[in-house]
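Asks: Here is my input, please return the structure:
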Amino acid sequence: MVYIVGIDRYQSQMVTTSLDEMISEDNSVRVIDAYVGSLELSELGFIEYSGTNKGQAPYRRSDLLKLHIYGYLNKIRSSRSLEIETKRNLELMWLVNTITPDHGTIARFVKENKDAFHSVLRNLTLILKGWGLIDGQLIAIDGTKIRAQNSKHNCIT
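Replies: Next up, the predicted model:
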């Protein structure tokens, strides 16, 4: 029987396409990129770092915001999951210019910019609703099942 066989994984190859050519023109990451590019992050309340800090240079706030909006739209909430996706997802590599922040940096960004982050997501939701891309009628829950189990003897008042 003849099987379909892929190429040898140890065979050297020359990839001649850029990341931009791999992402289609109507991909949602292009919308995220344009939306974040139109924002003035310092006016929205995002913390900007000066160049006088010692240690590693910080990531651009716009790249981290793009990363979080991508996670928001693709149901990736965990900072550890976002860290993994930056290393294997071509759309995300294109969106954040192949940076790979660790999960602590990703989580700290939201923690330090919580109010500004929520206002940006609220505005994005209103824009998408206005364009008719989402209807705002679906209410989703996370599927948590909570079972109460108590008796008169275990009840402490």
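Asks: Any regions of this protein where pLDDT drops low?
Replies: 1, 50-51, 53, 138-143, 146-157 (pLDDT under 70).
Asks: which strands and helices sit next to the helix ranked longest in it?
Replies: The residue-count maximum for a helix in the chain (DSSP state H) belongs to helix 114-130. Contacts defined by 3 or more Cβ pairs under 8 Å, 6 or more residues apart in numbering; DSSP states H and E place helix 114-130 against helix 41-44, helix 61-73. For the C-beta atoms, the positions are set from N, CA and C on the backbone; glycine is no exception.
Asks: Reformat the ones you listed as a markdown table; add distance to residue 5.
Replies: What follows is those, written out as a markdown table (distance: least, Cβ to Cβ, whole Å):
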| stretch | distance to residue 5 |
| --- | --- |
| helix 41-44 | 50 |
| helix 61-73 | 35 |
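Asks: What ranges does the chain have for its helices?
Replies: Counting by DSSP H, the helices of the chain are 19-22, 28-37, 41-44, 61-73, 79-88, 90-95, 103-112, 114-130.
Asks: Contacts made by the first one with the rest, please.
Replies: Meaning helix 19-22. Helix 19-22 has contacts (Cβ atoms under 8 Å, 6 or more residues apart in numbering) with 90, 93-94, 98.
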